[in-house]
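# Structure of the sequence below:
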Amino acid sequence: MTERAGRWSAWRPDDDDPVHPGDLGDPGEGGPDTPGDRPRRKRRRLPRLLPWKHKRDLTPAQRRRRKLATRSATGVCLLCVGTVGWSVGKALTYPGKDSTAARLAEWARDHDLGVVVDKLEDVQYKMNPPAVGGTLSAEALARMNATAPAAGTGAVGPLGTGHTAGAPLLPLRPPMAPLVDPALPGEGVYRTLATARGVPIVQGTYVRPDGEHTSYEAAVAWISGKYARFQLHPGFREPGGTFSVPPNIPKGQRTGLVATWNGGFRITDGGSRGGFYLDGRTAGELRDGAASEVFYKDGSIRIGVWGRDAHMTPDVVGVRQCLELMVDGGRVVPDIGDDSKWGVTDQSRMYVPRSGVGVTAQGDVIMVVGQALTAQTLAQLMQRAGAVRAMPLDMNRAWPSFMSYDGSHDPADPKPTNILDFEDPPDRYYTLATRDFVAVYAR
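Residues are numbered from 1 along each chain as shown. Okay, here's the model as predicted:
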């Protein structure tokens, strides 16, 4: 090492640069920085890592080569930055109503950075875990205790009033047993969310998900399998591709719409551990053993294990697979805490927004969305609501959704309402949807 201008540097002299004995130190001789008689230690030279010379020490040819190399490196850096910026810009401006955070996360997963996204979500969760204890907000309490009929001409209220004469009677479901005791006013009590000809074919209620996280709520929706028909829609980015069914619900195809809900984990990156099938086209690969929503030509839906409860037949028009069943035979599956099945690392045990769908023994559909659920509490809610088979859908604030629709003012363009507010507005499926979803119509 050599001291220049008062600072030590890892500079190594050129072969033709004279080295003075005082620079390295001679044993037994004092120097300007050592006590008089103390032997001076020999300093070890560091290898020269870069043959860097000051511009003034370069020949004209060397200056030209350095200038060319510097400009080339700068150009490559600018090209890389520009390419990434253009790519991110496309992700931030594609159609639809996804949030900025969701768009950036999707861009990262599309570029093999899913592990980074998962780690960031883990860190964010540890820094901001869900609150323990407390009570619901005033808005949530009012929503839970609402007793007036929801949308729709002739909607049947909690007491069965307003029923259209001559229409087949479909009573409101009996109250769902809450998971937290004592129950709050209106907790677990079903009310009408959407009607068809005065019949409440979509009903819903609100409950707290567990005895610890009492400042959060989950919503439970019930849909009549007899009075509704179900349609699988693709997303224009997930699974992508061209299908005969559009990635939204355009004008002219909204009459009779009563509900929508979100799809599941991504197909294209293998996260769902299953495939997607619609009108003869397959994305990914349909896997035996995967939990599946299966859609038929007559508008019915079946939820179960692919290869056991449902198979590919000529009347199957759509299949959406995602992980494995959470409820089977009317019971929560025994390995519900297995992280390898329900999330990355410990995400199955995180209390985060989640959604799931199931079917009752009578063929009706149960759909659950919640603000702070684990895989286990989601499964327990679907089972408590009456599902005999149920599967997970998506998680985190960007994706879970359930909307009901009111066509009383304009049957051709019914008004959507979120059962719970997450990131996206209730009309998210009226515009181009990034991911697949299910639309429900009255028969």
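# I'd like to know how many residues surround the nearest residue to Lys55 once chain neighbours are set aside.
With sequence-adjacent residues excluded and distances taken as C-beta to C-beta, 6 or more residues apart in numbering, Lys55 is closest to Arg63, at 6.5 Å. Yep, even glycine has a C-beta here, placed from its N, CA and C like the rest. Other residues near Arg63 come to 12 when the count uses other C-beta atoms under 10 Å.
# How about residues contacting stretch 62-74?
53, 55, 58 (C-beta atoms under 8 Å, 6 or more residues apart in numbering).
# So what's the gap between it and the chain middle?
In this view, stretch 62-74 has its centroid 46 Å away from the chain centroid, taken as C-alpha atoms, centre = their mean, to the nearest Å.
# Next, the contact list for the closest residue to Gln362 other than its chain neighbours, please.
Using C-beta to C-beta, 6+ apart and skipping the chain neighbours, the partner closest in space to Gln362 is Gly225 (7.0 Å). Contacts for Gly225 were tallied using C-beta under 8 Å, 6+ apart; they are 300-301, 359-360, 362-365.
# Repeat that for Leu141.
Here Leu141 is in contact with 135, 184-185 (C-beta under 8 Å, 6+ apart).
# 7 Å instead, please
Leu184 (C-beta atoms under 7 Å, 6 or more residues apart in numbering).
# Then the residue nearest to Gln362 would be within a helix, right?
No - counting by DSSP: H, G, I helix; E, B strand; the rest coil, Gly225 is not part of a helix but coil.
# what's the burial count for Ala69?
10.
# Wait, a strand at it?
No - according to three-state DSSP, the state of Ala69 is helix, so it is not within a strand.
# Please report how far it lies from Val388.
To Val388, Ala69 is 69 Å away according to C-beta to C-beta, to the nearest Å.
# same question, Val180
24 Å.
# Looking at those two now, which is surrounded by more residues?
Val388 (19 against 16).
# helix or strand for the residue nearest to Lys55, which one?
Under DSSP states H and E, the secondary-structure element containing Arg63 is helix 60-93.
# for the record, mean pLDDT for the very next helix or strand once past that helix?
Scanning forward in sequence from helix 60-93 by DSSP H and E, the next helix or strand is helix 100-110. For helix 100-110, mean pLDDT is 74.
# For the stretch 101-250 of the chain, which segments count as helices?
Ranges of helices within the stretch 101-250 of the chain are 114-127, 138-144, based on DSSP state H, counting those that start in this stretch.
# quick one: the shortest one to chain centroid distance?
To tie it back to what came earlier, the one meant is helix 138-144. For helix 138-144, the distance to the chain centre is 26 Å (C-alpha atoms, centre = their mean).
# now stretch 361-370
Distance of stretch 361-370 from its chain centroid, counting by C-alpha atoms, centre = their mean, is 21 Å.
# in that stretch, what counts as buried?
Within stretch 361-370, the residues scored as buried using 16 or more other C-beta atoms under 10 Å are 364-370.
# which residues touch it?
209, 218-225, 261, 301, 353-360, 378, 381-382, 385-388, 390, 400-402, 419-420.
# Helix or strand with the lowest mean pLDDT in the chain?
Ranked by mean pLDDT, DSSP states H and E, the weakest helix or strand in the chain is strand 7-9, scoring a mean of 39.
# pLDDT value on Ser137, please?
Note for Ser137: predicted pLDDT of 95.
# Quick check: Leu325 touching Met391?
Yes - counting by C-beta atoms under 7 Å, Leu325 touches Met391, with 5.5 Å between them.
# who's more crowded, those two?
Just comparing Leu325 and Met391: by other C-beta under 10 Å the higher neighbour count belongs to Met391, 29 against 25.
# Where does that one sit: helix, strand or coil?
The three-state assignment at Met391 reads strand, by three-state DSSP.
# of the contacts of Gly225, closest to Arg443?
Nearest to Arg443, judged by C-beta to C-beta, of these is Ser300 at 10.0 Å.
# and the closest one, what does it touch?
Per C-beta under 7 Å, 6+ apart, neighbours of Ser300: Gly225.
# Any regions of this structure where pLDDT drops low?
1-52, 79, 83-84, 86-88, 90-91, 147-168, 343-346 (pLDDT under 70).
# Using the record's assignment, carve it into domains.
1-52, 55-89, 138-442 (automatic domain parsing).
# Just the angle for the helix holding Arg63 relative to helix 100-110, thanks.
Helix 60-93 runs at 120 degrees relative to helix 100-110, counting by axes from the mean of the first three to the mean of the last three C-alpha atoms, to 10 degrees.
# could you pull out the strands for the stretch 101-250 of the chain?
Using DSSP state E, counting those that start in this stretch, the strands of the stretch 101-250 of the chain run over residues 191-196, 199-207, 218-223, 228-233.
# now the stretch 301-443 of the chain
So, for the stretch 301-443 of the chain - with DSSP E, counting those that start in this stretch - the strands run 301-305, 316-321, 327-328, 331-332, 352-359, 365-373, 389-395, 402-406, 415-418, 437-442.
# Let me have the ones you listed in a markdown table, adding distance to Asp122 as columns.
Formatted as a markdown table, the strands of the stretch 301-443 of the chain follow (distance: least, C-beta to C-beta, whole Å):
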| stretch | distance to Asp122 |
| --- | --- |
| strand 301-305 | 30 |
| strand 316-321 | 26 |
| strand 327-328 | 27 |
| strand 331-332 | 25 |
| strand 352-359 | 11 |
| strand 365-373 | 16 |
| strand 389-395 | 13 |
| strand 402-406 | 27 |
| strand 415-418 | 27 |
| strand 437-442 | 27 |
